[in-house]
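*Asks:* Sharing a sequence plus its predicted fold:
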Amino acid sequence: MVVVRRIDAEATALQRQGELALWPPMLGQEAAQIGSGRALAADDFIFPSYRDTGVAYCRGVEYADLVKVWRGNAPSSWDPYRLNMAPMQIIIGAQTLHATGYAMATKFDGAETATIVYFGDGATSQGDMNEAMVFAASFQAPVLFFCQNNQWAISEPVRVQAQRPIADRPPGFGIPGTRVDGNDVLACLAGTRAALARVRSGAGPCFIEAVSYRMGPHTTADDPTRYRDPNELEDWRT
């Protein structure tokens, strides 16, 4: 967690120096990413969002490769076939469809592996996300949906789009949902291990909502002081 926070700080500095075109900080979400990332087996396949630097670190991505795509001179930062991790997805929620399709294919092939897909709270309002859960439930795809609820979908707080905990949504699709403390690395590790065991057993998809907080801006192109109460930030920092 200390290492990935340091990577995040360095990448932010590189963007400010003009060395990177953009950077999506993960400050505050280290526990969710490291806890879940360490629960994965080598043959599990990961579909990340654009903020999952910690998961990529767990997967063994080289430091320099974490930032290549953000410099704008590489189509992907790593070899997805070697690491069993897809390139980072910029389109909000699109990776949930990719993950569900991949998981369905592994089931058809008879493989005893799991697929995990990462996304934020904002993605749960996207059509792609809901379509992915329909297909995953209908075909009992071995996929774990991992939502990092960092409280902000760019400049909109989660309370605008979710009147109840996000983990309450997947049961409506026939998918069990669990809520964990996204700032407790051991809770994230245990919760992800339990969900992956269910997924690998052939019991169908699972959903985890890891409740955390985005300490930094949405990306380095964003100014959170325009929409976020500084007192809220200090409460979460504590």
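*Replies:* Done, it's in.

*Asks:* before we move on, what SS does E209 have?
*Replies:* E209 falls in the strand class when you classify it by DSSP: H, G, I helix; E, B strand; the rest coil.

*Asks:* residues contacting A42?
*Replies:* By C-beta atoms under 8 Å, 6 or more residues apart in numbering, the contact list for A42 reads N84. C-betas here are computed from N, CA, C, even on glycine.

*Asks:* can you tell me how far it sits from T113?
*Replies:* 10 Å (C-beta to C-beta, to the nearest Å).

*Asks:* and if you look at Q163?
*Replies:* In terms of C-beta to C-beta, Q163 sits 36 Å off from T113.

*Asks:* Work out for me the element the spatially most central residue of the chain sits within.
*Replies:* By C-alpha atoms, centre = their mean, the chain has its centre lying nearest to Y118, at 2.8 Å. Here Y118 sits within strand 115-120, counting by DSSP states H and E.

*Asks:* now swap in V3 and tell me
*Replies:* Using DSSP H and E, V3 falls in helix 2-16.

*Asks:* now the very next helix or strand once past that helix against strand 115-120, angle please.
*Replies:* Next in sequence after helix 2-16, counting helices and strands by DSSP H and E, comes helix 30-37. Interaxial angle of helix 30-37 relative to strand 115-120 (axes from the mean of the first three to the mean of the last three C-alpha atoms, to 10 degrees): 170 degrees.

*Asks:* report the angle between the axes of helix 30-37 and helix 2-16?
*Replies:* 120 degrees.

*Asks:* Check the offset of helix 30-37 from the chain's centre.
*Replies:* Distance of helix 30-37 from its chain centroid, counting by C-alpha atoms, centre = their mean, to the nearest Å, is 9 Å.

*Asks:* which secondary structure elements does the following helix or strand past that helix contact?
*Replies:* Sequence-wise, the next helix or strand downstream of helix 30-37 (DSSP H and E) is strand 45-47. Using 3 or more C-beta pairs under 8 Å, 6 or more residues apart in numbering; DSSP states H and E as the contact test, the elements touching strand 45-47 are helix 94-109, strand 115-120.

*Asks:* List just the one of those that sits closest to R5.
*Replies:* strand 115-120 (17.9 Å; C-beta to C-beta).

*Asks:* what does that closest one rub up against?
*Replies:* In contact with strand 115-120 (C-beta under 8 Å, 6+ apart) are residues 33, 36, 40, 44-49, 51-52, 55, 92-93, 95-96, 98-100, 102-103, 106, 129, 132, 141-150, 153, 192, 196, 199.
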